[in-house]
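J.: missing the sequence, but the structure's below:
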């Protein structure tokens with residue numbers, strides 16, 4: 001297994017090897033889905049051009065769900081014609097997706113203007129109203145895609161921020177990711193998704209690195225960072241993955257040049 005946080009060079013080399021072969025040997029599709037392009041190859045072509053690659057079906061199902069959620073509302077009907085999707089049925093605010101890879105349930109956290117305003121009212125006093133409105137509007141519009149660590153801290157409330165290695169659809173690859181975990185539900189902030197914890201874990205198989213409570217996060221930002229200003233230059237990614245070590249050695253811990261993802 002190749003981990004992006006521990007071995008970014010090997011991770012990127014393996015991923016771009018797959019990407020480049022997909023560009024060369026596969027047909028493009030309107031969903032801009034390179035995994036679909038690979039899956040639509042014949043077994044003979046896969047064996048000839050992609051002997052080192054395979055797809056993790058659970059991770060690919062989660063990828064499809066995230067892609068659907070990140071698709072603007074007016075274009076979701078078009079995305080639902082993806083050849084691996086059998087149907088998407090909506091019962092009140094619950095979405096049930098049936099696919100060739102299995103079924104799953106999910107719902108959207110921020111469903112529209114009324115949810116944005118409701119959350120703004122709940123958070124009055126935390127920030128100016130226009131800033132708070134923009135924060136929840138960005139979640140609704142999917143603008144936190146690629147900013148999982150920061151968004152999970154932003155929206156954790158009284159819940160935990162869990163940071164873990166997750167399965168890529170491309171088998172053998174794991175990527176570092178953060179999400180918000182409640183007692184029974186998971187908030188996937190990068191896609192405005194809420195899923196049952198059991199189902200989320202089944203699809204993503206997270207290898208948990210850290211679990212930070214609201215008290216842990218407050219301790220870091222309101223105590224450690226003020227007492228040790230050098231920590232202001234630490235990436236959110238490093239803070240979440242190495243919090244216990246930071247508490248032990250705030251003066252001497254090495255700041256790592258990781259880019260926040």
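T.: That came through fine. Quantities reported herein were computed from a predicted structural model and do not represent experimental measurements.

J.: From here on, just use CA atoms for contacts and neighbour counts.
T.: Fine.

J.: Please, where are all the helices along the stretch 1-150 of the chain?
T.: For the stretch 1-150 of the chain, helices defined by DSSP state H, counting those that start in this stretch occupy the ranges 8-25, 34-39, 43-49, 57-70, 76-79, 113-122, 129-141, 148-155.

J.: residues in contact with the longest one?
T.: When you say that, I think you mean helix 8-25. With Cα atoms under 8 Å, 6 or more residues apart in numbering as the test, helix 8-25 has contacts from 2, 3, 4, 34, 37, 38, 49, 50, 53, 170, 173.

J.: ok, back up a step: could you identify which of the helices of the stretch 1-150 of the chain is most buried?
T.: helix 148-155 (a mean of 21; mean count of other Cα atoms under 10 Å).

J.: what packs against it?
T.: strand 160-167, strand 173-181, helix 236-241 (3 or more Cα pairs under 8 Å, 6 or more residues apart in numbering; DSSP states H and E).

J.: starting at the chain centroid, how far to the shortest one?
T.: Its chain's average C-alpha position is 15 Å from that of helix 236-241, according to Cα atoms, centre = their mean, to the nearest Å.

J.: Not counting sequence-adjacent ones, nearest residue to the most centrally placed residue in the chain?
T.: Geometric centre of the chain, nearest residue: residue 190, 5.2 Å, by Cα atoms, centre = their mean. Spatial nearest neighbour of residue 190, chain neighbours left out: residue 145 (4.4 Å); criterion: Cα to Cα, 6 or more residues apart in numbering.

J.: pLDDT score assigned to that neighbour?
T.: Residue 145 is assigned a predicted lDDT (pLDDT) of 93.

J.: Correct me if wrong: residue 253 contacts residue 246.
T.: Yes: in this structure, residue 253 is within contact of residue 246 by Cα atoms under 8 Å, at 6.3 Å.

J.: Same drill for those two, tell me which one is more crowded.
T.: residue 246 (19 against 15; other Cα atoms under 10 Å).

J.: returning to that earlier point: any figure for the gap between the residue nearest to the centre of the chain and residue 69?
T.: 9 Å (Cα to Cα, to the nearest Å).
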